[in-house]
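Engineer: okay, structure incoming, though there's no sequence with it:
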C-alpha cells in the first residue's frame, strides 16, 4: 500500500513536470496551430540561465531566497527574449508557408539552440542546487519533498492562470479571435502579429519556470536535457487534446501516472515478461489507443480540421 | 607548454581540414632532415549527450601525443613527430564507419578508439580489412575482440571481466544477500549488469528485482520505489554517471537505504557532483590500478589539469595508455608501418598510468585489474584492487617502459 | 522521335555520370567520400519511400525509420551467425520489403482517422515502440540480442561475389565501397523509376487527391482507406529494402542506428528537397547526407582563414550551420529547394494551404 501511494506521488510529480512543459506547447498551438518543437530547448535555456545566475549570486553571499528569485527572474527574462526572437526570425516569415515548413524550421531552431547552449555552458552535466530543503515528509510510508508539492502546485496555478488569461481578459479574447481567424481578427482591430508575439513570449516564460522546476527536482542541468522532455510533453499535450489547456494538464498527469504505475507494476502483472524497459511503450500505447477512439485527444475539440 | 598545446591544437585542426596536406612541424624540432610525421586517428563522440566523455578522451590522446613528442622519439633511424587526427563519431554506428574509412584514406598509422562499443565494433571491420591496428580505450562489449580480428585491442577490462569482479565483491566483501539490479539498456550498461548478475548468483546472492531505464532518463522514482518494496541489501546500477548521480539523490529522497554499487560508468567525480551528499558511502569500480598507485599517475593527473584546465572525466587515462602502448609497439618494431608494428602489439608489456598492460590472444587486456572505490566526502577513495598481476605492484618506471619485454 | 532520342541521350549521360562518380570522388577526395555517397544513396531510398507517404499522400510520418530498422534487423537475423542462418541477400531483401510493408499496413490501419499533428505523434510513438522492442527483445528469449546489436552479418553477395572485398575488374581493384555504390545506385534508380511511374498512375493521382482534400477525394469515388494503406505499405517497403542493404553494408546493426533523430533527418530531406517531387527529394537526400560531412571538413579552415585560429569546435559548428541552413531554406524556399512545377504555381498564387 505504501508502495502504491508512493508510486502515485511519483506519477503526479512526473506528470506535473510534463504538464508544465505541455502548457507552453499547447498554448502556442492553440493560437497558431504550430508545433513549436523548439519549446523543449527553451526549457533547457531557462534552466541553464537560472543556474548561471543563482550560483555566482549565492556564492557572493546573497541570501538564498533572493538568489533563487533573481535566477528565476533572469531565466524568465532570457526565455521571453528568446521566444520573441524565435517567433520573429523563424516562424513569422512562414505564417503562410506549407504546413511542414515551420516544423522543419522548428527542428533547425532546436539544433541551433542546443549547439549554442553547448558552446556557452559546455558539454558537462551541471549539478543544480536544491531550491528548497530536500528532507522528505512522510505520508504514511510514502515520502514527498517540499519541492514536489511545489511543482504540483505551480503546475495547477499556471494552468489556472493561463485559463483566466485566455478566457477572461481582453488579451485572451484577442488571442482567441486570432486563433479563430487572424484576418477577421485584424479587421476587428486586433494586431495579430502583436498577439502572436505575446503568445510566444508568455509560452517561453512558462518554459523558463518549467526548466527551473525540472532541474531543481532532478538536481541536474545539461544542454541536451530539452529534447526528450519536449517530446514527452508534446505527447502529453496531444494525449489531452492539443490546444486545450486543461487537456495539457490532464495529459501530463495521465502520462506521468502511466509511466510510474507501468514501471512499477506491469513487470509483476505479466510475470516478468514485460518490465520497466517497456515504460515508454506503455505511454505510447495508451496514446495510440486514446487517439484511435478519440482522434483529437481527451479534451480536444471535435473539429479536427484547422487552417 | 601552453604554447605547445596551442600549436598542437591548431595543427590538429589543420589535419581535420585536409588529411593530405602535411602540417608544419612544431617549431621546437630543428633537426636537419624533416621529421617523419606519424598520424594517429582518434574517434569518440564530440557532440551529443556523451560529448563530455568524448572530449575527455580526445584530451587524453592529445596529452599522450604531446608527451610522446616531448621525448623526441626516433623510430627507424628517423626523428618522428606524432600527430593526432581527431574525429567525431557521434556515438552513431554509421558515423563510426565513416570516420574509420576516413582514417584509412588518410593513411593514419594507427587508431585509438572508439569510445562506444556500438561504434567500435562496426569500425573494427574496416580497420581489420586495412590492416590498421586499433586500440579501444573504453569499448567493453565482449563481442569486439571475439570477431577474430588481428588488429583489435583494448586496454580496459571488458564487461565479463569487470562484471565478475563486481558480482564477487557484492557477495563476499559487501555481504549482500539480496540484490536489485538496474541497467540503462545500452550495450555497456546491460552487458555489465548481466555479467554482474551471473557472478552474484553464482555466489549465492538472490536477485530480488531487475529494472531498466535508459541513458537519457532523469526520473527513476518509479523503479526505485519498486526496488524499495523488495528491500534489497544492495542496488547495482549498470550505466553512466549522468543517470547514476540523480538516481542516488532520488534513492535518498525515497528513503531507500540499500548500498549502491556501480561500474566504471558511474565512477567519476561527476557522479559525486550530481548526487551531492547522497553520494556518501556508495561504491564503484574502475578497471586498472588507482592513478596514485601508478608511477606517473599523479603526474598525469596534474599534467592533464594544467594542460586543459579541467578535471579528468573518466577514460582519459585509458586513452593515454592506449596511445602510449601503440607508440611503444612502434618503438619495439622500430617501424611505424602498421604491418610491421602490429606484430609487436600482442607482445606488449607496458606499465601505463592505469595498470600493467599486456594482451591475451584475443586482444583483451590480460588479467585486467579492477579497483573498487567508495565515495567519502565527495571524493572517491580506493578500497582495494582485485585481480592485479604481480607486476603491477612493482611496475617498471614509466619513462623506460618495460625494457625486458623487448627481448622476448 | 527527336524527343525520344534526346531522352535517351539524357539517360545515357546520367548513367555515365553515375558510373564515373565514385572514381572521381574516390580518387579526388578519398574512399571515405565514396562511403558518404553510399550512405547518401541509402538516404535517397529512404527519402523516396517517405516521400510517398508525406509528399504524395500528405500523411505526416515521424516514425519512418522503424521500417528501415525492420528491414535491417530481418537481414541481420536471417543472415548472420546469431541464429546460424545464412540466407542469400536476394531472398532476404525482398522479404524485408514485404515484412516492412506489412508493418506499414499495421501502422496505417489504426491511424486512418487521424490527421496532421495527431498522426505525427502516433507515428513517432510507433517508431519509438519498434526501437524499444528491438532493444528489449533479448529476454526472456533472445531474438534481437538487445542493445549489444548483431555483429558479423554476412555481406551482400551478388552472383556469389561478396561486395565487402575488393574485386579485380580488368586489372583495376575495386574496393568494397565502390561495389556497394553500384548496387545501391541500381536499387535507388529502380526505386526512382517505380515512384515516378506511380506518381503518374491512377494511384498516384489518388494520393495527391487525398493530400489536397480528403473529403473531396472520397466524394470522387476514391477508396481512401485502401489508397492510404497502400501509401503506407509502399513507403514502408522501400524503407525495408534500404534497411536490408544497410545491414549487409555495415555488417553490424544495433538499435541506436534507428533513433528518432534519423526519422527527423529523412523527413527534412523530403521537405527540404521539395515534397512530392521526385528529383527534389533525391536532391534533398543527397544534400543532407553530404552537407554535414562537407561542413565538418570546411568549418575549420574557414575559421582559420577568418580569425587565424579555431574559435569553435568544427563539430559544434557543423550542427549549428546545419540548423541554420534548415531555417534559412524554409524562409526563402518554403516549398523546398526544387519543388514540382504545379506545387510552385499553387504556392505563389494562393498562399494558404488547405489545412491538414
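Structural biologist: Looks like it arrived, so ask away. Fair warning: this is a prediction, and the values are worked out from it, not measured in the lab.
Engineer: once you drop chain neighbours, what's closest to the residue of the stretch 101-250 of chain B found nearest chain C?
Structural biologist: For the stretch 101-250 of chain B and chain C, the shortest gap (C-beta to the nearest C-beta) falls at residue B:105, measuring 3.5 Å. All C-beta atoms are positioned from the backbone trio N, CA, C, and that covers glycine. Of all residues not flanking residue B:105 in the chain, residue C:30 sits nearest, at 3.5 Å (C-beta to C-beta, 6 or more residues apart in numbering or on different chains).
Engineer: quick one, strands of chain C?
Structural biologist: C:79-80, C:85-86, C:157-158, C:161-162, C:167-169, C:172-174 (DSSP state E).
Engineer: most tightly packed of these?
Structural biologist: Compared across the strands of chain C, strand C:79-80 shows the largest average neighbour count, a mean of 24 (mean count of other C-beta atoms under 10 Å in any protein chain shown).
Engineer: please state the offset of that strand from the chain centre?
Structural biologist: 23 Å (C-alpha atoms, centre = their mean, to the nearest Å).
Engineer: just the helices in the stretch 1-150 of chain B please.
Structural biologist: With DSSP state H, counting those that start in this stretch, the ranges of helices along the stretch 1-150 of chain B come out as B:2-17, B:51-70, B:93-105, B:117-130, B:143-146.
Engineer: lowest mean pLDDT across these, which one is that?
Structural biologist: Here the helices of the stretch 1-150 of chain B differ in mean pLDDT, and the lowest is helix B:2-17 at a mean of 46.
Engineer: interface residues of the stretch 101-250 of chain C facing chain A?
Structural biologist: C:110-111, C:113-118, C:120-122, C:124-126, C:128-129, C:132-133, C:135-136, C:140 (C-beta under 8 Å from any C-beta of the partner chain).
Engineer: which of the residues you listed fall in helices?
Structural biologist: Applying DSSP state H to those, the entries found in helices are C:116-118, C:120-122, C:124-126, C:128-129, C:132-133, C:135-136.
Engineer: most centrally placed residue in chain C?
Structural biologist: residue C:46 (1.5 Å; C-alpha atoms, centre = their mean).
Engineer: residues contacting it?
Structural biologist: Shown in contact with residue C:46 (C-beta atoms under 8 Å, 6 or more residues apart in numbering or on different chains): C:64-65, C:68, C:238-239, C:242, C:266, C:269, C:285.
Engineer: mind running it again at 10 Å?
Structural biologist: The contact partners of residue C:46, by C-beta atoms under 10 Å, 6 or more residues apart in numbering or on different chains, come to C:64-65, C:67-68, C:191, C:235, C:238-239, C:241-243, C:246, C:262-263, C:265-267, C:269-270, C:281, C:285, C:289.
Engineer: just the buried residues out of those residues, in ChimeraX syntax.
Structural biologist: ChimeraX command restricting the contacts of residue C:46 to the buried ones, with burial defined by 16 or more other C-beta atoms under 10 Å in any protein chain shown:
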select /C:64,65,67,68,191,235,238,239,241,242,243,246,262,263,265,266,267,269,270,281,285,289
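Engineer: give me the subset of the contacts of residue C:46 that also touch chain B.
Structural biologist: Taking C-beta under 10 Å from any C-beta of the partner chain as the test, chain B is in contact with C:246, C:262 out of the contacts of residue C:46.
Engineer: helices of the chain, start to end?
Structural biologist: Just so you know, I chose chain A. Along chain A, counting by DSSP H, helices occupy A:2-32, A:39-59, A:64-86, A:100-121, A:146-168, A:170-180, A:182-187, A:192-218, A:225-240, A:245-269, A:279-293.
Engineer: I was after chain C.
Structural biologist: C:2-29, C:31-50, C:65-78, C:89-108, C:116-136, C:176-200, C:202-212, C:214-219, C:224-250, C:260-273, C:278-307, C:314-332, C:341-349.
Engineer: again with the stretch 251-400 of chain B
Structural biologist: In the stretch 251-400 of chain B, the helices defined using DSSP H, counting those that start in this stretch lie at B:269-275, B:297-308, B:316-333, B:338-341, B:390-393.
Engineer: what's the separation between residue B:300 and residue B:83?
Structural biologist: As judged by C-beta to C-beta, to the nearest Å, residue B:300 and residue B:83 stand 21 Å apart.
Engineer: which one's more surrounded, those two?
Structural biologist: residue B:300 (25 against 22; other C-beta atoms under 10 Å in any protein chain shown).
Engineer: ok, and the closest non-adjacent residue to that one?
Structural biologist: residue B:353 (4.7 Å).
Engineer: circling back to that earlier point, pLDDT wise, what is the residue nearest to the centre of chain C at?
Structural biologist: Looking at residue C:46, the pLDDT reads 97.
Engineer: tell me the secondary structure at residue B:235.
Structural biologist: Assigned by DSSP: H, G, I helix; E, B strand; the rest coil, the conformation of residue B:235 is strand.
Engineer: how about it, what does it touch?
Structural biologist: B:176, B:179-182, B:209, B:211, B:224, B:227-228, B:247-248, B:251, B:256-262, B:282.
Engineer: and residue C:51, by the same measure?
Structural biologist: By C-beta under 10 Å, 6+ apart, the neighbours of residue C:51 are C:57, C:195, C:199, C:235, C:238, C:266-267, C:269-271, C:273-278, C:280-282, C:284-285.
Engineer: whatever residue of the stretch 1-150 of chain C ends up closest to chain B: neighbouring residues, count only.
Structural biologist: When scored by C-beta to the nearest C-beta, the stretch 1-150 of chain C has residue C:30 as its residue closest to chain B, at 3.5 Å. For residue C:30, the count of nearby residues is 19 (other C-beta under 10 Å).
Engineer: ok, it touching residue C:24?
Structural biologist: No - look at residue C:30 against residue C:24 with C-beta atoms under 10 Å: they stay out of range, at 11.9 Å.
Engineer: confidence score at residue 46?
Structural biologist: Went with chain A since none was named. 96.
Engineer: was after chain B, sorry
Structural biologist: pLDDT, residue B:46: 85.
Engineer: which stretches of the stretch 1-150 of chain A aren't confidently modelled?
Structural biologist: A:1 (pLDDT under 70).
Engineer: count the neighbours of residue C:259 for me.
Structural biologist: 16.
Engineer: that one reaches residue C:131, doesn't it?
Structural biologist: Yes - with contact defined as C-beta under 10 Å, residue C:259 reaches residue C:131; the gap is 6.9 Å.
Engineer: please see if the longest strand that chain B contains touches chain C.
Structural biologist: Secondary structure assigned by DSSP E gives strand B:78-88 as the longest strand of chain B. Yes - judged by C-beta under 10 Å from any C-beta, strand B:78-88 and chain C are in contact via B:86-88.
Engineer: save these as JSON lines, and put in neighbour count too.
Structural biologist: JSON lines is the format used below for those (neighbours: other C-beta atoms under 10 Å in any protein chain shown):
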{"residue": "B:86", "neighbour count": "28"}
{"residue": "B:87", "neighbour count": "28"}
{"residue": "B:88", "neighbour count": "26"}
